[in-house]
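Undergrad: Predicted model, plus sequence, below.
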Amino acid sequence: MVKICVPVCVRRIEDMREAVERAAAFADIIELRIDCLEQSERANAWAEIHQLAEATTQPFIVTMRPQHEGGNANISFDERLQFWSSARKIPQNVLIDLELNILNRVVSHSGMFEAGRIICSRHDFESVPENASDWRRRFEDRVFCE
């Protein structure tokens, strides 16, 4: 079955709700691109995510991607770690998209990220891994190691 994911990429929190409503008209899942928000807006993102998750039937993917992995802002590792670590209990209809290089740090700091709700990604714009199953094993090892 084909599913449609629509990214929502706005600069201000106050524009997010309207963009989500437009996306919900035809999306099966909505991606909230936190990296599109202005830096001053990111601190309030979790409150809006919680409200949107309660008001919308579609599931969400929350993404805060750094520029070197295809994101829309120059976001430091520490800023990303602070954002993910500041999350309260994540709503059931929300998936978290974490890059491989931050996955262990976020999972170890935060008890609210269930492994089945994490999308682990790695973006390499220069090459394709020779053996995709090796990458899958590396992702799984990082999530489930204690």
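TA: Good, I have the coordinates.
Undergrad: tally of neighbours for residue 45?
TA: If you count neighbours by other C-beta atoms under 10 Å, residue 45 ends up with 19. No exception for glycine: its C-beta is placed from N, CA and C like everyone else's.
Undergrad: for residue 14, same thing?
TA: As a burial measure, the neighbour count of residue 14 was computed by other C-beta under 10 Å and equals 11.
Undergrad: For residue 60, see how far away it is.
TA: Counting by C-beta to C-beta, to the nearest Å, the gap between residue 14 and residue 60 amounts to 18 Å.
Undergrad: Equivalent analysis for residue 117, please.
TA: Taking C-beta to C-beta, one finds residue 117 at 11 Å from residue 60.
Undergrad: contacting residues around residue 3?
TA: Taking C-beta atoms under 8 Å, 6 or more residues apart in numbering as the contact definition, residue 3 lies against 28, 29.
Undergrad: On the pLDDT front, check it for me.
TA: Here, the pLDDT recorded for residue 3 equals 89.
Undergrad: Verify the stated contact: residue 4 with residue 24.
TA: No. In this structure, residue 4 is not within contact of residue 24 by C-beta atoms under 8 Å, at 11.1 Å.
Undergrad: Looking only at neighbour counts, state which of the two leads.
TA: residue 24 (17 against 11).
Undergrad: Would you check that that one makes contact with residue 59?
TA: No. The pair residue 24 / residue 59 is not scored as a contact, 10.9 Å apart, by C-beta under 8 Å.
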